[in-house]
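Trainee: Structure for the following, please:
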Amino acid sequence: MAAKYVEPAWSPPDSVRRDHPGPPGVITGGSPNNPVGARALVLDRSEIAIHGTTLAMRASIGTAASYGCIRMRDEDVIDPYDRVAVGAPVMIRE
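Mentor: Residues are numbered from 1 along each chain as shown. Coordinates of the predicted model:
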């Protein structure tokens, strides 16, 4: 894992902007419109993270709705955030 953030700000990457041109350049951390939610565990791949999500987007958890990230409920992502150190290997399996 490359980095960890509490209520991070989010800048929509180009891939999201192409499909959804409406969001501002940066959505502040803690905002109810911020799709990253309460915590983010950033992997060593470009623009991929394990992160929480907003209440409005909870129905998308477990579906192929993201742009490569792994979405979790905010209350569920806090536990691994607290227990996994930056630099720890992360294996994602189907």
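
Trainee: show me where the chain has helices.
Mentor: 14-19, 74-83 (DSSP state H).

Trainee: Pull the residues that contact the helix or strand of the chain with the lowest mean pLDDT.
Mentor: Across the helices and strands of the chain, mean confidence by mean pLDDT, DSSP states H and E is lowest for helix 14-19: a mean of 86. By Cβ atoms under 8 Å, 6 or more residues apart in numbering, the surrounding residues in contact with helix 14-19 are 23, 47, 67. (Each C-beta comes from the backbone N, C-alpha and C, glycine too.)

Trainee: quick one: buried residues of that helix?
Mentor: The neighbour-count check on helix 14-19 (16 or more other Cβ atoms under 10 Å) flags residue 16 as buried.

Trainee: Chain neighbours aside, what residue packs nearest to the most centrally placed residue in the chain?
Mentor: Nearest to the mean C-alpha position of the chain, by Cα atoms, centre = their mean, lies residue 51 at 3.4 Å. Among residues not flanking residue 51 along the chain, residue 40 sits closest, at 4.1 Å (Cβ to Cβ, 6 or more residues apart in numbering).

Trainee: Run a quick neighbour tally on that neighbour.
Mentor: 21 (other Cβ atoms under 10 Å).

Trainee: Would you enumerate the residues in contact with it?
Mentor: Residue 40 neighbours (Cβ under 8 Å, 6+ apart): 3, 4, 5, 8, 49, 50, 51, 52, 77.

Trainee: Alright, that wraps it up for me.
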